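Peer 1: No letters, just coordinates:
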């Protein structure tokens, strides 16, 4: 896939189509939500067949909670790529991944994905 010409934009420039907003309070709500429901998410991912060594794309990564769960499941042999349109929350996710994952070489947070995508 290749991205058509689209310059990355910050969260402040987005038309706020995300119903819950893009504030720091929303980021903290997402993190708290994961603390409450994270084990169910991890169980769902495992039952969906996510296993060691897989390469996984997390679209709409937000604060990185699902990417963290995926990283645990795929292990150091796997690879997780996180993508989101919000540059600010991706920065939060990148910091959390650095702080919470011992071997984070297999995790990558893409720059904000804004624009159309096509198959090549």
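Peer 2: Perfect, I can see it now. Note that the structure is a prediction, hence the values are computed from the model and not measured. Residues are numbered from 1 along each chain as shown.
Peer 1: Could you point out which residue ranges in the protein have low pLDDT?
Peer 2: 1-22, 100-120 (pLDDT under 70).
Peer 1: hey, where'd the strands end up in it?
Peer 2: All strands of the chain, identified by DSSP state E, fall at 2-3, 55-59, 79-83, 107-109, 117-118.
Peer 1: List the pairing partners of the second one within its sheet, with orientation.
Peer 2: Note on strand 55-59: by DSSP bridges, its sheet partners are strand 79-83 (parallel).
Peer 1: And the partner strand, what's buried?
Peer 2: Neighbour-count burial for strand 79-83 flags 79-83 (criterion: 16 or more other CB atoms under 10 Å). C-beta: built from backbone N, CA, C; applies to glycine.
Peer 1: Can you lay out the residues you listed as a markdown table showing distance to residue 89?
Peer 2: A markdown table is the format used below for the buried residues of strand 79-83 (distance: CB to CB, whole Å):
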| residue | distance to residue 89 |
| --- | --- |
| 79 | 21 |
| 80 | 16 |
| 81 | 16 |
| 82 | 10 |
| 83 | 11 |
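Peer 1: what sits up against the longest helix seen in the chain?
Peer 2: Using DSSP state H to define each element, the chain has its longest helix at helix 24-47. Contact with helix 24-47 is made by 20, 62-63, 65-66, 69-70, 72-73, 88-89, 92, as judged by CB atoms under 8 Å, 6 or more residues apart in numbering.
Peer 1: Drop anything exposed from the residues you listed.
Peer 2: Applying 16+ other CB under 10 Å to these flags 62-63, 65-66, 69-70, 72-73, 88-89, 92 as buried.
Peer 1: State the pair within the residues you listed that is farthest apart.
Peer 2: Of all pairs drawn from the buried ones among the contacts of helix 24-47, the greatest distance, 26.6 Å, lies between 73 and 88 (CB to CB).
Peer 1: Wait, residue 56 touches residue 80, no?
Peer 2: Yes - the criterion here is CB atoms under 8 Å, and residue 56 meets it with residue 80 at 5.1 Å.
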